[in-house]
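Undergrad: Quick one, what's the 3D model for this:
(2 chains)
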Amino acid sequence: MAANKDSTKTPELVADIDRLIHEPSRLTIMAHLYVVESADFLFLIRQTGMTWGNLSVHISKLEAAGYLDVRKEFLGKKPHTVVSLTNSGRAAFDGYRESMKQVLEDRPKTG
Amino acid sequence: MIMETDPKKIRRKVYVTLFEDGLWDVVLGLFLLAWGFAILFDLGWLPGVGFVVFFYLALSLKQKITYPRTGYARPAEVRKQRSRVVIAGGVTLLLGIMVFLLIVTGGMPQFLKDYFELLFGAMLAIVVGLVGYWWRIVRWYYYAGLVFLFAAFNHWLGLSFELSFVIPGGVILLYGLVIFVRFLREYRRVSAEDFNGSQ
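TA: Reported below is the predicted structural model:
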């Protein structure tokens, strides 16, 4: 049987997927931060339904990778911690979306 | 855990949360009421001063009441949105000044004199509708329709001009307060401990 061009390409595309972003919790964090300039922990918890501890762990991992910027800002007179995507984080998320799109579109149609 | 990853759906959710407390609806209602009372009691300064006061009151309430319950997010398009609000406000102000000057100088065309209240109501309705469109808040389209409807009632049924602001303003204010009370019941003030182990 002739080699299926699609089936040889897919493993390479899958290997290109950013596994740091691909984890479901981190994916949803990145997706939410993609559409805002910044958000605080409480907003992310309300939107994602994660626990505080779980959110902290994943944000720390993304921050360590340079995808997120975590800083203290003032809301009125009160300080609070806000999170935002860095430029490399935004580029990484765009790259992830493109990779997933290629993987899913590369599959041969069935039926 | 809520696994929403579609940026379009998330963006819509973010905009909904910005208006979820009903405070901007209350501001709009109070602003329209201020217009009505300004016409009724000849207080030309009331709408402008009122808008500034209500706006900053709403911002203060958001910081004290809303954000401790929902958290805070700054939409990515906030600068573009702010410029749109400024444009909408500027257009309204410019048209208002033009109309005022025309009235004062007596140079108003007959058409404008005959349809002044209807056109003024239409102008306000357009601004309200535009704000709803830019912030993607559907109920503001209904508010725009309500404002125009009462301007039309006023024009064709001969109601007093101030009623075409007071009634829609009162309705929108009441609905905004209903949304606010519902928001307070749905969201309580939380701390970090409330979200540990809730998954």
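Undergrad: Give the burial count for residue 68, as a bare number.
TA: Using chain A. Other residues near residue A:68 number 22, with proximity taken as other C-beta atoms under 10 Å in any protein chain shown. Heads up, the C-betas are built off the backbone N, CA and C, glycines and all.
Undergrad: that answer is for a different chain, and I need it for chain B
TA: 19.
Undergrad: Could you say which helix or strand holds it?
TA: helix B:67-70 (DSSP states H and E).
Undergrad: That helix vs chain A: in contact?
TA: Yes - Helix B:67-70 lies within reach of chain A by C-beta under 8 Å from any C-beta of the partner chain, at B:67-68, B:70.
Undergrad: helices or strands next to that helix in the packing?
TA: Applying 3 or more C-beta pairs under 8 Å, 6 or more residues apart in numbering or on different chains; DSSP states H and E, we find helix B:67-70 packed against helix A:41-48.
Undergrad: Kindly confirm my reading that residue A:80 is in a helix.
TA: No - Residue A:80 is assigned strand when assessed by DSSP: H, G, I helix; E, B strand; the rest coil, not a helix.
Undergrad: residues in contact with the residue nearest to it when sequence neighbours are not counted?
TA: Computed as C-beta to C-beta, 6 or more residues apart in numbering or on different chains, the closest residue to residue A:80 that is not its neighbour in sequence is residue A:40, at 5.3 Å. By C-beta atoms under 8 Å, 6 or more residues apart in numbering or on different chains, the contact set of residue A:40 is A:75, A:80-83, B:71-73.
Undergrad: what do you get if the cut-off is 7 Å, keeping everything else the same?
TA: Counting by C-beta atoms under 7 Å, 6 or more residues apart in numbering or on different chains, residue A:40 makes contact with A:80-82, B:71-72.
Undergrad: coming back round to it: need the next SSE after the helix holding residue B:68, C-terminal direction.
TA: Where DSSP H and E defines the elements, the next helix or strand beyond helix B:67-70 is strand B:73-75.
Undergrad: Tell me which stretches of chain A form strands.
TA: Listed in chain order, the strands of chain A (DSSP state E) span A:36-40, A:68-75, A:78-85.
Undergrad: Can you check which of those gets nearest to residue B:18?
TA: Taking C-beta to C-beta, strand A:36-40 is the member of these nearest to residue B:18, at 10.5 Å.
Undergrad: Tell me where the model's unsure across the chain.
TA: Reading this off chain A. Where chain A drops to pLDDT under 70, the residues are A:1-15, A:76, A:106-111.
Undergrad: I was after chain B.
TA: Low-confidence segments of chain B (pLDDT under 70): B:1-2, B:77-86, B:88, B:95, B:97-109, B:111-112, B:190-199.
Undergrad: 80 - rerun?
TA: Residue ranges of chain B with pLDDT under 80: B:1-5, B:8, B:11-18, B:75-116, B:134-135, B:159, B:188-199.
Undergrad: Tell me the buried residues in the helix holding residue B:68?
TA: B:67-70 (16 or more other C-beta atoms under 10 Å in any protein chain shown).
Undergrad: distance of residue A:16 from chain B?
TA: 18 Å (C-beta to the nearest C-beta, to the nearest Å).
Undergrad: Burial check on that residue, number of neighbours?
TA: The burial count for residue A:16: 14, using other C-beta under 10 Å.
Undergrad: how close does the residue lying closest to it once chain neighbours are set aside sit to chain B?
TA: Setting aside the residues directly before and after it, residue A:16 is nearest to residue A:99 in space (C-beta to C-beta, 6+ apart), at 5.1 Å. Residue A:99 sits 14 Å away from chain B, going by C-beta to the nearest C-beta.
Undergrad: Is residue A:99 in contact with residue A:19, as I believe?
TA: No - contact criterion C-beta atoms under 7 Å: residue A:99 and residue A:19 do not qualify, at 10.8 Å.
Undergrad: neighbour count winner among the two?
TA: Just comparing residue A:99 and residue A:19: by other C-beta under 10 Å the higher neighbour count belongs to residue A:99, 18 against 9.
Undergrad: So what's the gap between stretch B:142-149 and the chain middle?
TA: Put simply, stretch B:142-149 sits 12 Å off its chain's centre (C-alpha atoms, centre = their mean, to the nearest Å).
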